[in-house]
Each structure stands twice: as C-alpha cells, then as structure tokens.
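Peer 1: Based on what follows, work out the 3D shape:
(one chain, ligands or ions: 2)
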Amino acid sequence: MKQESSYFPVFIDLSDKKIVVVGGGTIACRRIKTLLPFVECLTVAAPVILPELQELALSKRICWVQERYRREQILDADLVLACTDDEQINDEIYSVCRCLGIMVNVCSDRRKCDFYFPGIVKKEDVVVGITANGKDHKRAKEVREKIEDLLEEEQKKWK
Ligand SMILES: C[C@@]1(CC(=O)O)c2cc3[nH]c(cc4nc(cc5[nH]c(cc(n2)[C@H]1CCC(=O)O)[C@@](C)(CC(=O)O)[C@@H]5CCC(=O)O)C(CC(=O)O)=C4CCC(=O)O)c(CCC(=O)O)c3CC(=O)O
Ligand SMILES: NC(=O)C1=CN([C@@H]2O[C@H](COP(=O)(O)OP(=O)(O)OC[C@H]3O[C@@H](n4cnc5c(N)ncnc54)[C@H](O)[C@@H]3O)[C@@H](O)[C@H]2O)C=CC1
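Peer 2: Ligands and ions are numbered 1, 2, ... in the order given. Presented below is the predicted three-dimensional model:
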C-alpha cells in the first residue's frame, strides 16, 4: 500500500480467468471455498493439500497440480494467491507476479497484496465484499458475520 487511502471494491468476472492458488493448507482452503461460487475453474499447486481440497479435486471442482511451487505454474495466470507457509516462496511468487503484471495476494504479508482477500456475503445475486483495508482481519470477520445475519433477514422479503 503506497498511501493511506482505502482500496476500491471492484466486482470482477472471474469465470474465464486463470486463478492459481499456491499452497493447500488452512488459508488456501478457506479462500478456495470462498472463490468457488464465482469461478469455473481454479488451480491449486502444492505437494500436499487438505482432505477437503482433495475431495474438490476428485470431483473436478479444482485442478490440483501436485508439486512444489515452480514459476511455470503461474506464468499464464490472471490472478495468484500465494498461500504457502514458506515466506521465501511467497516472496518469490510476489516478485514473479509483479514482474509479469499478474495480480497477486500474499497471505503472509499485507504489504505484498495488489488486492486484499475480502470477507464475502452472497445471497442470490447480492454480493457484499468486506475489508478493513488490510489493517484488521478480525474486524472484517465480525462485520461479515453481522452482514450475513442482516442479508439472511432481507432475503426472506425477496420471495
Ligand atoms: C491483510 C489481509 C491480507 C490478505 O488478503 O491476505 C490478511 C492478513 C492476515 N490475516 C492473518 C490472520 C487471520 N486472518 C483470518 C481471517 C481472514 N483474513 C482475511 C483477510 C485478510 N487477512 C486480508 C485483509 C484484512 C482486512 O481487510 O483488514 C479475511 C477477511 C478473508 C479470508 O482470508 O478469507 C478473513 C476473515 C473473513 C471472514 O471470516 O469472512 C484468520 C481466521 C479468523 O479470524 O477466523 C486469521 C488467523 C487468526 C488467528 O487464528 O488468530 C494474518 C496473520 C497474522 C495475524 O494472525 O494477525 C495476516 C498477515 C498480516 O496481517 O500481515
Ligand atoms: N492472510 C491470512 O488470513 C492468514 C495468513 N497466515 C499466513 O499464511 C501462511 C499459511 O498458513 P496456513 O494455510 O495456515 O498454513 P498450512 O501449514 O495449513 O499450509 C501451508 C501449505 O503450503 C504448502 N506449501 C509449503 N511449501 C510449499 C511450496 N514450496 N510449494 C507449494 N506449496 C507449498 C503446504 O503443502 C501446505 O499445503 C502462514 O504461514 C501465515 O504466514 C496465517 C493465518 C491467516
């Protein structure tokens, strides 16, 4: 982040974008589950992934590249999430993406995020994305939970 201004929310068509998530642990899994309703296809590159992700790979909801990070995995990506627990690897992914103009989010370092991963509430066609501008993920979560309840009530009036 270069200045103190807030990040602007955009709603992007991800259906034909190539998204690569490097790493298949807790953070990757949470973010993949958030992304799935919005994407056709998503690639996960990691030697080991959580059982929940293995199931998604078996049902072909995600494509699992079962190997450690290599730059070839991300060269043609539109969007990359660096979610490994190896900070050096996450940094390397960040550098490659910046070099190639690929939008990147590094989960271990808020300074290395072209975009923050938002909390999301989706009820039918209404989608709300929440950020605390990279400063407070706990507050983002609290607000997401409140909006979730609010929209659930609203939704009852939509029928
Ligand atoms: C800045 C940001 C950058 C980015 O995009 O990666 C970032 C960074 C970091 N988060 C960390 C930790 C955790 N983050 C969560 C959860 C969420 N984190 C999310 C977003 C963001 N996290 C980005 C913007 C934040 C903003 O808007 O201000 C959400 C909104 C979206 C999502 O990740 O799905 C989601 C809640 C949404 C929801 O529930 O809907 C939990 C789990 C929990 O809270 O239950 C933990 C473990 C806490 C624990 O277990 O103690 C750490 C490690 C250091 C630390 O622990 O502080 C860093 C690194 C750092 O801060 O440098
Ligand atoms: N932004 C956020 O919300 C949060 C970020 N963090 C940060 O995120 C990192 C990851 O956290 P978790 O998902 O909980 O870790 P985890 O240990 O559950 O998962 C790490 C994953 O990275 C993979 N991995 C390791 N080296 C790799 C390589 N060279 N190539 C490909 N994949 C590789 C592993 O196979 C595993 O799937 C933490 O180290 C921490 O810095 C932690 C909590 C929340």
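Peer 1: count of residues packed around the nearest residue to P47 once chain neighbours are set aside?
Peer 2: With sequence-adjacent residues excluded and distances taken as Cβ to Cβ, 6 or more residues apart in numbering, P47 is closest to R68, at 5.3 Å. No exception for glycine: its C-beta is placed from N, CA and C like everyone else's. For R68, the neighbour count with other Cβ atoms under 10 Å is 14.
Peer 1: which residues does R68 contact?
Peer 2: A45, A46, P47 (Cβ atoms under 8 Å, 6 or more residues apart in numbering).
Peer 1: Show me what the top helix by length along the chain is packed against.
Peer 2: When the chain is parsed with DSSP state H, its longest helix is helix 137-156. The contact analysis (3 or more Cβ pairs under 8 Å, 6 or more residues apart in numbering; DSSP states H and E) places helix 137-156 against strand 119-123, strand 126-130.
Peer 1: Run a quick neighbour tally on whatever residue of the chain ends up closest to ligand 2.
Peer 2: Closest to ligand 2 within the chain is G25: 1.8 Å, counting by Cβ to the nearest ligand atom. Here the count is done by other Cβ under 10 Å, and G25 has 16 residues near it.
Peer 1: Next: I89.
Peer 2: I89 - counted by other Cβ under 10 Å - has 16 other residues nearby.
Peer 1: pretty sure it is in contact with A82, am I right?
Peer 2: Yes. Look at I89 against A82 with Cβ atoms under 8 Å: they come within range, at 7.4 Å.
Peer 1: shared neighbours of those two, anything?
Peer 2: Counting by Cβ under 8 Å, 6+ apart, the contacts common to I89 and A82 are V22.
Peer 1: need the strands for this structure, in chain order.
Peer 2: 19-22, 43-45, 63-65, 79-82, 103-106, 119-123, 126-130 (DSSP state E).
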